[in-house]
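>>> after the sequence you'll find the predicted model.
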Amino acid sequence: MFKTPSDPIPSIQCRSLSSVTAWLLAGALVLTASCSSPPSGKGGTGPGAVDGARIRAADSEPQNWMSHGRTYDEQRFSPLKQVNADNVNNLGLDWYFDLPDRRGIEATPIVVDGVMYATGAWSKVFALDATSGKLLWSYDPAVPKAWAANACCDVVNRGVAVWQGRVYFGSLDGRLLALNAADGSLVWEVQTTPKDRPYTITGAPRIVKGKVMIGNGGAELGVRGFVSAYDAETGERAWRFYTVPGNPAEPLENAALAQALPTWKGGEWWKIGGGGTVWDSMAYDPELDLLYIGVGNGSPWNRAIRSPGGGDNLYLSSIVALRPDTGEYVWHYQTTPGESWDYTATQHMILAELDINGATRKVIMQAPKNGFFYVLDRATGELLSAEPYTRISWATGVDMATGRPIETPEARYENGEAAMVWPHPLGGHNWHPMSYSPKTGLVYVPAQEIPLVYSSDTEFRYNPRGWNTGVELDKAGMPDDAELRDQFLPLVKGHISAWDPVKGEERWRIQHDNIWNGGLLSTAGNLIFQGNAEAGFAAYRADTGEELWHTDAQTGVVAAPMTYAVNGEQYIAVAAGWGGAFALAGGDSAARSKGTVSNPRILVYKLGGKAALPAPATPTAARAVDGGFSYDPQQVDEGYSLYMANCHMCHGDRAVSGSSSVPDLRYMSAETREQFLPIVLGGLRHNRGMIGFAETLDRDQAMAIYHYLGKRAEDVAQGRD
């Protein structure tokens, strides 16, 4: 077992994996970690020697996990079966690696020839000996902390790509970087996004035919989506595909936008951005030579604002097939025409061959936010099936003749009437990866059930420093009334859905107490693995869902597990650390989880593992509200509306923090209250990610938020919370 310090680790540039010593500082304790050669492994001539041929033949070397979903088809299924349903109860912790930043952890580690490559918060990269957890090198891209204000959903990163001796990753502030896989030294970096807009990168890159594919996020705040391809050797941009049209007065950037532009009717969406960011999932079919991208929501969400004349608004909420050499459009399928609910189609896409109506079909499968599980012909985009995998109220089904949803009219809140709609913007399924097992024929979906009250913001004004949804977020928050909260909270729950994509129905489910549970891994050992919001990590029978093994991860697990082998021994690994959109913004719903403390680690298990995690910190006594937090009751209502519009995305609904990584503002100290205006308006704590909002709020508005927080502090002190 190898443990690293909890303090931030400096970037370590090991010029030789056999000679340079890295000094890791932890207070007065100094540890040494030799940069040693990786264990022997099949394939490759040096560290990170991955290419397209190796990825296409990944099943011939199942001990490696060489790309984000293990294979280009993104099935997240491993042929390894040393760990199986008969012996998984003997699984034990073998080693762990402490990640330095107490924020959300969403990465899937990559393992190539005995070396693990993983990312943590703030886009930091780590290379580890996969048998011991020994640190080989690390790299910190030095993301400016103030850029966190542009991240809708925490300072997370979902992992790296490895290709021909290099490690590629995106940074939160929009850069794509290439590192030497042997020592972590920087080879090149390129800024992939405009710096004058709130773009971020949290997704893992994919590499196809020597090109690095990278998307971006930021639609909630106001950006225009695109995906770009860069030459893996030089960093030179090869092509860019914009997913939504820009200013109609200017030339179209690609031919596909000619069919998209007429579907945007009226308005000036391009001034806000339009949305359509490609912030997570991609997949590649080498036989068809098609790259599949998932496209996100509109900016703003509310179609009546961005496109007041209506229209489908292509290519929002769509799966789009492109040629990877040129970025040329081939086909698309739109899951949510006229998207108005933040129903992205960026969720995990899986390629498989299924026997449908007696014929073998090459399909692409997705369970996007809108709650329907889609099976499409991946050569043509033809819809083969679409059935609800979770609770849905915005539509009653999908018309198989047209491929369009059969909408429930009252769900169109932008027409003037507020509506409680399932699913919530967090989705029936979010970014957490699914898994498909060809052994069972099932797709395992980390599904969610949660509604939101949508209402149109009739006084919407574009805010260059904040969220731009066009939805009245203060009307969507958790009620202050405790009885109403008690009625609402049981509605928020998650489950694993074992989905039969041929029959279009759920075979069985595993119920969870809350949403925001981890991604899935399936294996030939008749197992599925998943971490959850309750700080558990568990193994289940893949054919029946019976729980076979469970361990305490000491933090909520949202990332997907993976598995690999070195010298004939199989390991199960998961990156653990509570965080992300729900943890930050979920308020009471998130805070009720048992895994809200973030002790971020990479956890690695094997049969007979004997390591143990250190005892968790002793729970602190119930916090007391610092006295003297007086407030003006006349300003509370205005303060609540302003808080929900500007603050709750990080500090939680009703100022209830659902993550230990972000301050709970009900418990502000006297010192923080004294510095409230310099912090909120002046950016006094920008180096911690808290920018100043002087461009968005004036002094009176900031003070109204202060008075609302005073009321919330009193609620706690009086036992009303």
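Perfect, thanks for sending it. Numbers count the residues shown, from 1 in each chain.
>>> C-alpha only now, for contacts and for neighbours.
Will do.
>>> quick one: the helices in the stretch 1-150 of the chain?
52-56 (DSSP state H, counting those that start in this stretch).
>>> gap between the residue nearest the centre of the chain and residue 447?
Taking Cα atoms, centre = their mean, the centroid of the chain lies closest to residue 431, which sits 4.6 Å from it. Distance, residue 431 to residue 447, using Cα to Cα, to the nearest Å: 11 Å.
>>> look up how far residue 367 lies from the residue nearest to the centre of the chain.
With Cα to Cα as the criterion, residue 431 and residue 367 are 10 Å apart.
>>> where do the contact lists of those two overlap?
Residues within reach of residue 431 and of residue 367 at once, by Cα atoms under 8 Å, 6 or more residues apart in numbering, are 347, 348.
>>> ignoring the adjacent residues along the chain, who's closest to the residue nearest to the centre of the chain?
Distances taken as Cα to Cα, 6 or more residues apart in numbering put residue 347 closest to residue 431, at 5.2 Å, once the chain neighbours are dropped.
>>> from what I see, that neighbour and residue 367 are in contact.
Yes: taking Cα atoms under 8 Å as the definition, residue 347 is a contact partner of residue 367 at 6.7 Å.
>>> so what sits against both of these two?
residue 429.
>>> with neighbour numbers in mind, choose between these two.
Between residue 347 and residue 367, counted using other Cα atoms under 10 Å, the more crowded position is residue 367 (32 against 29).
>>> so what pLDDT did the more buried one get?
Looking at residue 367, its pLDDT stands at 98.
>>> likewise residue 688?
Looking at residue 688, its pLDDT stands at 84.
>>> apart from its chain neighbours, what residue comes closest to it?
residue 145 (5.8 Å).
>>> so what's that neighbour up against?
For residue 145, the contact set (Cα under 8 Å, 6+ apart) comprises 686, 687, 688, 689.
>>> helix, strand or coil for the residue nearest to residue 431?
At residue 347, secondary structure determined by DSSP: H, G, I helix; E, B strand; the rest coil is coil.
>>> and the strands in the stretch 551-700 of the chain?
Ranges of strands within the stretch 551-700 of the chain are 562-566, 569-576, 601-607, based on DSSP state E, counting those that start in this stretch.
>>> please read the previous query as pertaining to the stretch 301-450 of the chain.
318-322, 329-334, 349-356, 359-366, 372-377, 383-388, 395-398, 405-407, 419-421, 435-437, 442-449.
>>> can you list these in CSV and add mean neighbour count and distance to residue 628?
Formatted as CSV, the strands of the stretch 301-450 of the chain follow (neighbours: other Cα atoms under 10 Å; distance: least, Cα to Cα, whole Å):
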stretch, mean neighbour count, distance to residue 628
strand 318-322, 25, 52
strand 329-334, 19, 54
strand 349-356, 20, 53
strand 359-366, 19, 52
strand 372-377, 23, 51
strand 383-388, 21, 51
strand 395-398, 17, 50
strand 405-407, 15, 52
strand 419-421, 20, 38
strand 435-437, 27, 52
strand 442-449, 27, 40
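>>> now those in CSV, with distance to residue 124?
Shown next, in CSV, are these (distance: least, Cα to Cα, whole Å):
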stretch, distance to residue 124
strand 318-322, 30
strand 329-334, 33
strand 349-356, 26
strand 359-366, 29
strand 372-377, 34
strand 383-388, 38
strand 395-398, 41
strand 405-407, 41
strand 419-421, 37
strand 435-437, 26
strand 442-449, 26
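>>> among those, which is nearest residue 572?
When the strands of the stretch 301-450 of the chain are compared by Cα to Cα, strand 435-437 sits nearest residue 572, at 15.2 Å.
>>> starting at the chain centroid, how far to that closest one?
19 Å (Cα atoms, centre = their mean, to the nearest Å).
>>> got it, and stretch 481-498?
Its chain's C-alpha centre and that of stretch 481-498 lie 22 Å apart, by Cα atoms, centre = their mean.
>>> export stretch 211-229 to CSV, keeping only CA atoms.
Output of stretch 211-229 as CSV, limited to C-alpha atoms (Å, rounded to 0.1, in the frame of the first residue of the first chain):
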residue,chain,number,x,y,z
LYS,A,211,-6.6,13.2,-33.7
VAL,A,212,-7.5,14.3,-30.2
MET,A,213,-11.2,15.1,-29.9
ILE,A,214,-12.3,17.5,-27.2
GLY,A,215,-15.5,19.3,-26.4
ASN,A,216,-16.4,21.8,-23.7
GLY,A,217,-19.1,23.0,-21.3
GLY,A,218,-20.7,26.2,-20.2
ALA,A,219,-24.2,26.3,-21.8
GLU,A,220,-25.9,27.3,-18.5
LEU,A,221,-23.8,30.4,-18.3
GLY,A,222,-24.0,31.3,-22.0
VAL,A,223,-21.7,29.8,-24.7
ARG,A,224,-21.9,28.3,-28.2
GLY,A,225,-21.1,24.6,-28.4
PHE,A,226,-18.5,22.9,-30.6
VAL,A,227,-16.2,20.0,-30.7
SER,A,228,-12.6,20.2,-32.0
ALA,A,229,-10.0,17.8,-33.3
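>>> now it: buried residues?
Within stretch 211-229, the residues that qualify as buried are 211-229, counting by 16 or more other Cα atoms under 10 Å.
>>> quick check: domain ranges of the chain?
Using automatic domain parsing, the domains assigned to the chain come out as 21-398+418-607, 633-717.
>>> if we can go back for a sec, can you put the strands of the stretch 551-700 of the chain in TSV and add distance to residue 309?
Shown next, in TSV, are the strands of the stretch 551-700 of the chain (distance: least, Cα to Cα, whole Å):
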stretch	distance to residue 309
strand 562-566	46
strand 569-576	45
strand 601-607	49
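>>> using a markdown table, lay out those together with mean neighbour count and mean pLDDT.
Formatted as a markdown table, these follow (neighbours: other Cα atoms under 10 Å; pLDDT from 0 to 100):
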| stretch | mean neighbour count | mean pLDDT |
| --- | --- | --- |
| strand 562-566 | 26 | 98 |
| strand 569-576 | 25 | 98 |
| strand 601-607 | 23 | 98 |
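>>> looking at those strands, which is nearest to residue 195?
Closest to residue 195 of the strands of the stretch 551-700 of the chain, according to Cα to Cα: strand 569-576, at 30.2 Å.
>>> which residues touch the closest one?
Outside strand 569-576, the residues touching it (Cα under 8 Å, 6+ apart) are 63, 80, 82-83, 105-109, 553, 555-565, 599-607.
>>> let's see that with 6 Å instead.
In this structure, residues lying in contact with strand 569-576 by Cα atoms under 6 Å, 6 or more residues apart in numbering are 105, 557, 561-565, 600-606.
>>> any idea how far it is from the chain center?
20 Å.
>>> angle of it against strand 562-566?
Angle of strand 569-576 versus strand 562-566, following axes from the mean of the first three to the mean of the last three Cα atoms, to 10 degrees, is 140 degrees.
>>> dump strand 569-576 to PDB, keeping only the CA atoms.
Presented in PDB, the C-alpha positions along strand 569-576 are these (Å, rounded to 0.1, in the frame of the first residue of the first chain):
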ATOM      1  CA  GLU A 569      -3.600 -10.600 -10.800                       C
ATOM      2  CA  GLN A 570      -6.900  -8.700 -11.300                       C
ATOM      3  CA  TYR A 571      -7.600  -5.400  -9.600                       C
ATOM      4  CA  ILE A 572     -10.800  -3.400  -9.200                       C
ATOM      5  CA  ALA A 573     -10.300   0.400  -9.000                       C
ATOM      6  CA  VAL A 574     -12.500   3.400  -8.400                       C
ATOM      7  CA  ALA A 575     -11.800   7.100  -8.000                       C
ATOM      8  CA  ALA A 576     -13.800   8.200  -5.000                       C
END
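>>> report the strands that pair with it, each with its relative direction.
If you go by DSSP bridges, strand 569-576 pairs up with strand 562-566 (antiparallel), strand 601-607 (antiparallel).
>>> what about residue 144, neighbour count?
Neighbour tally, residue 144, other Cα under 10 Å: 14.
>>> follow-up on the earlier one: dump the contacts of strand 569-576 into CSV; add distance to residue 469 as well.
Listed next are the contacts of strand 569-576 as CSV, based on distance: Cα to Cα, whole Å:
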residue, distance to residue 469
105, 26
557, 28
561, 33
562, 35
563, 39
564, 42
565, 46
600, 31
601, 34
602, 35
603, 37
604, 40
605, 42
606, 46
